[in-house]
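Q: give me the fold of what follows.
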Amino acid sequence: MVSLSGMVGGSSWLGTWATVGVPVGIALLLIWVVQNGVKTRKGPIRWPLLGSTVEVLWNYDHLNDWLVPYFEKYKLTFRCVLVDTSYVFTADPANVEYILKTNFNNYPKGSQFHEKFDVFLGNGIFNADGENWRKERKTASLQFSSNVLRDFSIVVFRDYSVVLADILNGAAMRQQSVDMQDLFMRYTLDSICKIGFGIDIDTLKANLPDVPFARAFETTNEVCSGRFMDPLWKLKRAFNIGSEAKLTKSAKVVDAFIFDVIKTRKAELAALKSAGMEESFNQARKDLFTRSLLSSANTGEYLSDKNFRDTMLNFVLAGRDTTAVTLSWFVYMMILHPEVAQKIHEELQHAYNEHDEVTEEEEAEVSSFCEQKFHSRLLSFSHQLTYDSLMNLHYLHASILETLRLYPAVPMDPKSVLADDVLPDGTVVKGGSMVSYSAYGMGRMTSLWGPDAKQFKPERWLVDGVVQMQSLFKFTTFQAGPRICLGKDSAMMQLRMTGAIICRFFTFQVVPGFIVKPRQMSTLLMTNGLHVNVTTRT
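A: Got it, this is the predicted structure:
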């Protein structure tokens, strides 16, 4: 029989356990979870219910760098379980080849990617799968294989590079700092709108006007990218709050701009044709939009304005952000490695000659003379930058490739998994989950690039002074397999053109106290731009 004193004593014991034992037990359980998580799981610690979501969100603003030590620790591949899905992150070229080529059909963009980017990219080539993707791919392939488009693009790149250089020279003369990333975004937006739509939007005017479309484009891209690591994005979308409220506003600005351009361009082309202005109409046929419009009319497959909107926005994303991002990091690398900038400058001096053409009247005023003299030298130099001559600038090419290796424009590429599968390194992936290869992480792996993998070293690309490309499954900047970037040759030509002019005429220094760091989104933009002081070379 239990005594009253025993019952009281038991109650006291229970009270003590409630106040001391429960917290101690929970602490021991957490220690066990942590220790066993580290010991038994290949990747970040998984907490009950939450998985690794807390750690991912905590490190989200530097997610690409967060991945690197996990790749190093777990032989290039690891699993990361979130609240709403599971990821396998990889930096293994064999896995990348399997995903992008060998078993391509099992790793589409998928419904998760499409849903997250639908408001931005619609059914365009970057957001499509299956038959939609094949149609978009075929159409784009025909356009990009055209010599007319290539030749037109080179002229556009050269013309806008000259405008950019004149702005930089003016800033140098006035000793004003500039945001190179902002200038490059304007430069590439002007270029891509000219090539894509045949229009001048003049964001590189001397006063650098505010461009609501450009700001809205970046916001839309950033919020859509953030949805991948935000388990609450659908809830926020339903109530139109937080980041999703920003997205609603920015997407409307983007759509209004694109649909207005489509409407205006169609009206201009119709007017030219009805007026019998064949010469002007034929000149207009060089841009991508007009060529697509005529092609759809010839085949009888008339495209809606929504079709054109999706196609052109995907084209803008590919041709604007990625090139501007690369040029920004390229300039930053030239600042950190002035010896590389000097070697490029010497290569350019050896390859080209310049002639000044300045009249006596222009010598009357020193300021006018200096600007005109620079512009004359600039034009003389730029007109020598032909397709063939640019292809022979091997050290410049190697420096661009090295920039892309360490700072790939698209640092991470997620894919859906249709059916259960096993990757070449033995990693099991489940249908309905996600896999993502990290171009950013791959560029930093010593197992792939040697002990100096994290160093900026253009020479690694050269054999006897000539660029030798690496496997596209190791250097994944332009993807590989069926989805390999159709515009890679055009992008590299623009990078060479702009890089040549910049390295020939300017040197840069980061504004004292300014911190350069990446911004977490689908493209590797710098968080606050790249603010520099400019000096014009003589």
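Q: those strands in this protein, which residues are they?
A: With DSSP state E as the criterion, the chain has strands at 77-81, 86-90, 178-179, 412-416, 421-422, 428-429, 434-438, 462-463, 466-467, 506-510, 531-536.
Q: of those, which approaches Asn147 most closely?
A: strand 466-467 (23.2 Å; Cβ to Cβ). Yep, even glycine has a C-beta here, placed from its N, CA and C like the rest.
Q: list the neighbouring strands of the closest one plus their orientation.
A: When pairing is defined by DSSP bridges, strand 466-467 lines up against strand 462-463 (antiparallel).
Q: any chance you could list what contacts the strand it pairs with?
A: His394, Tyr395, Ala398, Gln468 (Cβ atoms under 8 Å, 6 or more residues apart in numbering).
Q: also stretch 389-402?
A: So stretch 389-402 is contacted by 326, 330, 333-334, 340, 343-344, 347-348, 351-352, 456-462, 465-467, 469, 475, 492-493, 495-497, 499-500, 503 (Cβ under 8 Å, 6+ apart).
Q: list the buried ones in that stretch?
A: By neighbour count on 16 or more other Cβ atoms under 10 Å, the buried set for stretch 389-402 is Leu390, Leu393, His394, Tyr395, Leu396, His397, Ala398, Ser399, Ile400, Leu401, Glu402.
Q: with just CA atoms, put it into PDB.
A: C-alpha atoms of stretch 389-402 as PDB (Å, rounded to 0.1, in the frame of the first residue of the first chain):
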ATOM      1  CA  SER A 389      40.400  40.300 -85.000                       C
ATOM      2  CA  LEU A 390      38.600  39.800 -81.700                       C
ATOM      3  CA  MET A 391      38.900  36.100 -82.100                       C
ATOM      4  CA  ASN A 392      42.700  36.500 -82.000                       C
ATOM      5  CA  LEU A 393      42.900  38.200 -78.600                       C
ATOM      6  CA  HIS A 394      43.700  35.100 -76.700                       C
ATOM      7  CA  TYR A 395      44.900  36.600 -73.400                       C
ATOM      8  CA  LEU A 396      41.700  38.800 -73.200                       C
ATOM      9  CA  HIS A 397      39.700  35.700 -74.000                       C
ATOM     10  CA  ALA A 398      41.400  33.700 -71.300                       C
ATOM     11  CA  SER A 399      40.800  36.500 -68.700                       C
ATOM     12  CA  ILE A 400      37.100  36.600 -69.500                       C
ATOM     13  CA  LEU A 401      36.900  32.800 -69.200                       C
ATOM     14  CA  GLU A 402      38.700  32.900 -65.800                       C
END
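Q: what ranges does the stretch 251-400 of the chain have for its helices?
A: 278-284, 288-299, 305-316, 322-336, 338-351, 366-382, 387-391, 394-406 (DSSP state H, counting those that start in this stretch).
Q: and the closest residue to Asp202 other than its chain neighbours, how many neighbours does it have?
A: Leaving aside its sequence neighbours, Asp202 sits nearest to Asp190 (Cβ to Cβ, 6 or more residues apart in numbering; 7.0 Å). Counted with other Cβ atoms under 10 Å, the neighbours of Asp190 add up to 24.
Q: what about Asp190, distance to Met229?
A: 33 Å (Cβ to Cβ, to the nearest Å).
Q: quick one: low-confidence ranges for the protein?
A: Applying pLDDT under 70 to the chain flags residues 1-41, 145, 276-285, 296-302, 354-370.
Q: I'd say Val81 and Ser52 touch.
A: Yes: between Val81 and Ser52 there is a contact under Cβ atoms under 8 Å: 5.8 Å.
Q: which of the two has more residues huddled nearby?
A: For the pair Val81 and Ser52, the greater number of neighbours falls to Ser52 (21 against 18), based on other Cβ under 10 Å.
Q: returning to what we had before: taking the contacts of stretch 389-402, please make a ChimeraX selection of just the buried ones.
A: Buried subset of the contacts of stretch 389-402, written as a ChimeraX selection, criterion 16+ other Cβ under 10 Å:
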select :326,330,333,334,340,343,344,347,348,351,352,456,457,458,460,461,462,467,475,492,493,495,496,497,499,500,503
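Q: the spatially closest residue to Pro414 that is not a sequence neighbour and Pro69, how far apart?
A: Once flanking residues are discounted, Pro414 sits nearest to Ser436: 4.1 Å by Cβ to Cβ, 6+ apart. Per Cβ to Cβ, Ser436 is found 17 Å from Pro69.
Q: quick one: which of those two has more around it?
A: Ser436 (17 against 11).
Q: tell me who's in contact with the more buried one.
A: Shown in contact with Ser436 (Cβ under 8 Å, 6+ apart): Tyr87, Val88, Phe89, Thr90, Met412, Asp413, Pro414, Lys415.
Q: can you do 6 Å?
A: With contact taken as Cβ atoms under 6 Å, 6 or more residues apart in numbering, Ser436 is in contact with Tyr87, Phe89, Met412, Pro414.
Q: just the buried members of those?
A: Tyr87, Phe89, Met412, Pro414.
Q: the residues you listed into TSV, with extra columns for distance to Ala238?
A: Listed next are those as TSV, based on distance: Cβ to Cβ, whole Å:
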residue	distance to Ala238
Tyr87	24
Phe89	29
Met412	27
Pro414	23
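Q: which residue packs closest to Gly487, ignoring adjacent ones?
A: Gly487's closest residue in space is Ala318 (Cβ to Cβ, 6+ apart), at 5.6 Å.
Q: equivalent analysis for Ile258, please.
A: Per Cβ to Cβ, 6+ apart, closest to Ile258 is Arg309, 5.0 Å.
Q: pretty sure that neighbour contacts Ala256?
A: No: counting by Cβ atoms under 6 Å, Ala256 is not a contact partner of Arg309; they are 10.7 Å apart.
Q: these two: who's more crowded?
A: Arg309 (20 against 13).
Q: got a list of contacts for stretch 234-243?
A: Contacts of stretch 234-243 (Cβ under 6 Å, 6+ apart): Val223, Glu244, Thr248.
Q: let's see that with 7 Å instead.
A: Stretch 234-243 is contacted from outside by Val223, Gly226, Glu244, Thr248, using Cβ atoms under 7 Å, 6 or more residues apart in numbering.
Q: buried sites along that stretch?
A: Buried residues in stretch 234-243, counted by 16+ other Cβ under 10 Å: Lys236, Arg237, Ser243.
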